[in-house]
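[1] Dropping the sequence and predicted coords here.
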4 protein chains.
Amino acid sequence: MTRTGNKSRRALPKEVRKEQLIQATIKCIAKHGLSGITLALVTREAGLSMGIANLHFDSKEKLLLETLQHVTAEYAAGQAAILESEDFSSTGARITALLDFDFSPPVIEKNKLAVWFAFLGEAKSRPTYQRACSRQDSMAQMRITELFQLALDEAGDTAADAALLAAGYISLVDGLWLNALVDPRRLPWKKAYRVARHYLASAFAQHIALDKRGLDGM
Amino acid sequence: MTRTGNKSRRALPKEVRKEQLIQATIKCIAKHGLSGITLALVTREAGLSMGIANLHFDSKEKLLLETLQHVTAEYAAGQAAILESEDFSSTGARITALLDFDFSPPVIEKNKLAVWFAFLGEAKSRPTYQRACSRQDSMAQMRITELFQLALDEAGDTAADAALLAAGYISLVDGLWLNALVDPRRLPWKKAYRVARHYLASAFAQHIALDKRGLDGM
Amino acid sequence: MTRTGNKSRRALPKEVRKEQLIQATIKCIAKHGLSGITLALVTREAGLSMGIANLHFDSKEKLLLETLQHVTAEYAAGQAAILESEDFSSTGARITALLDFDFSPPVIEKNKLAVWFAFLGEAKSRPTYQRACSRQDSMAQMRITELFQLALDEAGDTAADAALLAAGYISLVDGLWLNALVDPRRLPWKKAYRVARHYLASAFAQHIALDKRGLDGM
Amino acid sequence: MTRTGNKSRRALPKEVRKEQLIQATIKCIAKHGLSGITLALVTREAGLSMGIANLHFDSKEKLLLETLQHVTAEYAAGQAAILESEDFSSTGARITALLDFDFSPPVIEKNKLAVWFAFLGEAKSRPTYQRACSRQDSMAQMRITELFQLALDEAGDTAADAALLAAGYISLVDGLWLNALVDPRRLPWKKAYRVARHYLASAFAQHIALDKRGLDGM
DNA sequence: CATGAATGAGTCTTCATTCAT
DNA sequence: AATGAATGAAGACTCATTCAT
C-alpha cells in the first residue's frame, strides 16, 4: 500500500500517474502472477481508484504491455550503456561490466524478474508479448557477439565461435535468473554469478579472471 | 505401464479420461497461455462435455497442477533412466546421452516446453507450482553433480567445481529451451544444441568431443 | 416477476429460453426504454440468472436485435396473411381486414408498440436497427400499393395514385400508433381507428363505408 | 431576441454556452442516438471541457430535457406564428402555409427530427419526456381543429368532423416525417409532401388545389 | 459415468459527477 | 467561469462450478 499522504484527488502529470501504475503493476504481477492480476489489485496497490487504469491506459491489456515494455526498455538501456560506452579501458573490463550489470541489484530485483518471466511464459501464445520480448534481444545479441569477437581477436583465438558464445551467455544468464528466482535456496544469487563468471572466464581466459568470488551484498 | 489384471476393463476408462484431459490441457496452454485457458476450451479440445473436468479433477486448479506434474514427471523419468542406467560403457557416453536427451524431440516438443515455462512464469507467485517445479530438480541436480564429479575425477581435474558445472548446465539448458521456444529464428534448435555441447566439451574435454555438429533431423 | 414455479434450474429447450428472454426484453423496453434497459432488469423480469442472456444471445446487442426482429416478423406475418389470403370475397373486405388488423389488440399492444418506436427512434444512428426496420416494410408497401391499385381499377378511378395512397396509409397508421401510444387521452385508440378508416373511406368510397364506429372493446 | 440592455456583456455568455451545448447535443443525439450519447461526446462536439455540461445544466438529464424543449419550442413557435398571424388573406392560404411549414427545411432538418423521434421513442417510459412532448401538442391540436372547422364552415360542409381531420393531419405528418427520416429512399421528402397535400386537398377541396407538385429545392 | 444448461460471483469497462487548480 | 484528472457506482461479460437429466 503506497499511499503517499496526498489527498489523492490532486491531478498529477500524466506521465507520473502512468509510472505510478506501472510500478504497482510490477508489484502485483510478482505477487499474484499474470493470471491472477486484476485492475482492482493494481489500483489498490497504487492507492488510486478503479477507473484510473482505463483512464490512462485504455485497457488492462495495454497496461500490461506497457509494463512489459517498461521493464525490457530499462534493461536494454542499462546494457546498451555498457556496450556503447567509451569509458572502458579494455575489452575484458567491458565484458566484466556486462556480467556485473546482469547480476546487479536493479537487474535481479525479484519483482522485475518475476514480471519478465511471467510475460515470457505467455509469450508463446501471445504474439504481442513475443514481439515486445524479442525486439531488443536481437540487437543486444548482435552487439554482444561483436564484443566477444573482439575479445577472441585480441586473444588470437581463431577456433572459438563468438556467435555461439554470445548465444550461450545470454541463455545461461536467462536460465540462472530463472532458477535463482524460482528457488534461491537451490541456486543462490552468489552461486549464479559464479557460474556466469566461470562461463566467461573459460571462454576469455586472458580477459577475465576466475578468482573474484561474487558480488558484495548479495 | 502396469496392467492391473483383468478388472482393468472397468478401471481403465477413468485413467484414460484423465490422460485425455491432460493432453488437451497441454495443447490449450500452449495455444492460449495459462491466463487464457478455460475449461470450456480444454474440454472442447478433448471432444468431451464441459462438466467432465470437474468430475475427474474436482477443480480447474487441480487439473492444471496434475498437468504440470505430468510434464515434469515425464522429463524426470527420462532423465533418471539415463542417470541410473547400467548400460553406459563410459562416463562420457552417459553425459552425451544426457545432452542428447535434453534436446531430443519428445523433450523439446513445443507444447510441453510451453507448458513448462508457462508454469515457471507463475511459479514465483504460486507456491504450489513452485514446489511441483522444484521438487525433482533438486534430486536431478545432485545426481548430475555426482556424474560430473565422476568425470572430473576420471580426468584428474581437481580444480573444477562439479556443483558449479552442474548448476550451469541445468540453467544453460533452461535458458536455451526458453530462447529457442520464444524465437526459434533467433536461436534455432540446432544452434542451441551446439551451445550446450560446447559447454560440456569445454568442461569435459577428455570425455566429449566438439566436432559432432548436431542432432540429426532437427 | 414471471416466476413459473419451476425449480428454474431445469434445462429447457433453447428456443423456449430465447422466447422467454425476448418477452422479458419487450416488457423491459416498454418499462424502461432502450437507454434504460439492462441485462439485470431483463433477466430478473424473466426470473432467471444474470448470465443467461449472454449464454443464449452472446451479447446484449444481439438480444436487442433479435427482439426487434421478433416484433417486426410477427407484424409482417400477420399482415402478409391478409395480403395473400384467398379467403376474401372482395377487395373492400381485404382492405377492411388490413385496417382492422392494424388496430387489433395484438398489434396495438402497448409493449410491442413501445418496442417498435424505441428502436425506430434509434434507427437513424444505428444502421443495424434501420435495416431490421426497413427490410420488410418495402415489401409490404409494394403489396399494399398493388391492393390499392386493384381497388382503384375496380372503381374505375384513373385519377388517384395508388402509390401515394399506400405511402399515406402506412405513414398515417405509424403516426396514429405513435400519438395514441404516447398520450392515449389526447388520441384514444377508438378515435385513431376512425381516423384511419376515414382515410380509407375517402379514397375507396365504393369499397369501404364510413359508418362503422370502431373496434369493440377498445 | 430581447436584448437585456447594456449589462448583456456579462449575462450573455451563460446563455451562449447553453445554446452551444444544446446544439452539440442535437448533433450528438442524431449521430449516436439517445442511448449512445455521453457528456464527453457532447462537450467535445462543442469544443468545450468535460465539466461544463454539469456546470450549466446540473445534470445530463436536464441537458437532455432542455434540448428536447428547445426543439419542441422552436417548432411550436413557428406553427403558432402561422395559426395566429393576421396576414393570411384566406383560410386556404393559412392551411397551405401550415403544410408548407411542416415540410420546410428548418422543420424537416435531419438532426432535429432525429432528436424529436429519439425522445418520442423513450417517451412511453419517461414521463418527463412524455410531458415535454405532449404539452404543446394539445394546444396545437385545438388550434388546428378550429382552423379546419372554419374551412369546413366556409365550404358549407356539415358532414365532416374537424377534430378527426386535425388528428389525422397531425398523425399523418408525424408518420411521414418518421418514414422519410428512417429511409428517405423508400419515402422521399417530395413524396411525403405530396401525400400530406393530397390529404388536405381531399378534405378541403375548395381551399387547396392538388396540382402543386411539391416544394422547390427539396 | 456423462452431459451441458444454468448459475452468480468476479472482472473489465464506461461515464456522470466532483473538485482542486 | 472553466478545466479535465480523478472518482466510484453501475453495467456487460466471463467462466468455474453445479446438478437435473
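    Everything's here; your move.
[2] Find the least confident helix or strand in chain A, judged by mean pLDDT.
    Of all the helices and strands that make up chain A, the one with the lowest confidence by mean pLDDT, DSSP states H and E is helix A:127-155; it has a mean of 92.
[3] check whether that one contacts DNA strand E.
    No. Counting by CB under 7 Å from any atom of the strand, DNA strand E is not contacted by helix A:127-155; separation bottoms out at 13.8 Å. Heads up, the C-betas are built off the backbone N, CA and C, glycines and all.
[4] Find the residue closest to A:Ala76 in space, skipping its chain neighbours.
    By the measure of CB to CB, 6 or more residues apart in numbering or on different chains, the closest residue to A:Ala76 outside its immediate chain neighbours is A:Gln136, 4.3 Å from it.
[5] In contact with the one you found, which residues are there?
    By CB atoms under 8 Å, 6 or more residues apart in numbering or on different chains, the contact set of A:Gln136 is A:Thr72, A:Ala73, A:Ala76.
[6] Next, find the distance separating the second one from DNA strand F.
    Between A:Ala73 and DNA strand F the computed distance is 22 Å (CB to the nearest atom of the strand, to the nearest Å).
[7] And for that residue, the neighbour number?
    Other residues within reach of A:Ala73 by the criterion other CB atoms under 10 Å in any protein chain shown amount to 13.
[8] Could you do A:Gly168 as well?
    Residues contacting A:Gly168 under the criterion other CB under 10 Å number 25.
[9] Please determine how far the residue nearest to A:Ala76 is located from chain D.
    In this structure, A:Gln136 and chain D are separated by 37 Å, where distance is defined by CB to the nearest CB, to the nearest Å.
[10] average model confidence for stretch A:100-116?
    Mean per-residue pLDDT for stretch A:100-116: 97.
[11] Now for the residue in chain A positioned nearest to chain C, how many residues are close by?
    For chain A, the residue closest to chain C is A:Ser59, as judged by CB to the nearest CB, at 18.0 Å. Using other CB under 10 Å, A:Ser59 is surrounded by 11 other residues.
[12] Now do it against A:Glu66, distance only.
    Distance, A:Ser59 to A:Glu66, by CB to CB, to the nearest Å: 11 Å.
[13] Any figure for the gap between the residue nearest the centre of chain A and D:His198?
    For chain A, A:Tyr75 is the residue whose C-alpha lies nearest the centre (CA atoms, centre = their mean; 4.7 Å). Computed with CB to CB, the distance linking A:Tyr75 and D:His198 is 79 Å.
[14] now A:Gly92
    Distance from A:Gly92 to D:His198, by CB to CB: 100 Å.
[15] For the residue nearest to A:Leu98 when sequence neighbours are not counted, the count of nearby residues, please.
    Using CB to CB, 6+ apart and skipping residues adjacent in sequence, the residue nearest A:Leu98 is A:Ile82, 5.4 Å away. As a burial measure, the neighbour count of A:Ile82 was computed by other CB under 10 Å and equals 21.
[16] Residues contacting whatever helix or strand A:Ile82 lives in, please?
    Remark: A:Ile82 resides in helix A:60-84, with elements defined by DSSP states H and E. Applying CB under 8 Å, 6+ apart, the set of residues contacting helix A:60-84 from outside is A:18, A:21-22, A:25-26, A:29, A:34, A:37, A:39, A:42, A:53-54, A:57, A:94, A:97-98, A:101, A:106-107, A:112, A:115-116, A:119, A:128-129, A:132-133, A:135-136, A:139-140, A:143-144, A:147.
[17] Using PyMOL, define a selection of the buried residues within these.
    Burial among these is assessed by 16 or more other CB atoms under 10 Å in any protein chain shown; the matching PyMOL selection reads:
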select buried, chain A and resi 18+21+22+25+26+29+34+37+39+42+53+57+94+97+98+101+107+112+115+116+119+129+132+133+136+140+143+144+147
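[18] what are the ranges of the strands in chain A?
    Taking DSSP state E as the criterion, chain A contains no strands.
[19] per-domain residue ranges of it.
    Using automatic domain parsing, the domain parsing of chain A gives A:6-58, A:70-203.
[20] Mean neighbour count, those domains: which tops it?
    The highest mean neighbour count among the domains of chain A belongs to domain A:70-203 (a mean of 19), with neighbours defined as mean count of other CB atoms under 10 Å in any protein chain shown.
[21] how long is that one from one end to the other?
    For domain A:70-203, the first and last residues are 33 Å from each other (CA to CA, to the nearest Å).
[22] list the contacts for A:Phe117?
    Applying CB under 8 Å, 6+ apart, one finds that A:Phe117 lies in contact with A:Trp177, A:Leu178, A:Leu181, B:Phe117, B:Leu120, B:Gly121, B:Lys124.
[23] And the last one, how close does it get to A:Thr25?
    This means B:Lys124. B:Lys124 sits at a distance of 15 Å from A:Thr25 (criterion: CB to CB).
[24] before we move on, the earlier item: can you put the domains of chain A in TSV and add distance to B:Gly47?
    Compiled in TSV, the domains of chain A are given as follows (distance: least, CB to CB, whole Å):
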stretch	distance to B:Gly47
domain A:6-58	25
domain A:70-203	21
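[25] Out of those domains, which gets the lowest mean score?
    Set side by side, those give their lowest mean pLDDT on domain A:6-58, at a mean of 91.
[26] Check the gap between whichever residue of chain A sits closest to chain B and D:Leu99 for me.
    Across chain A, no residue is closer to chain B than A:Gly121, which sits at 2.2 Å (CB to the nearest CB). Using CB to CB, we find A:Gly121 at a distance of 73 Å from D:Leu99.
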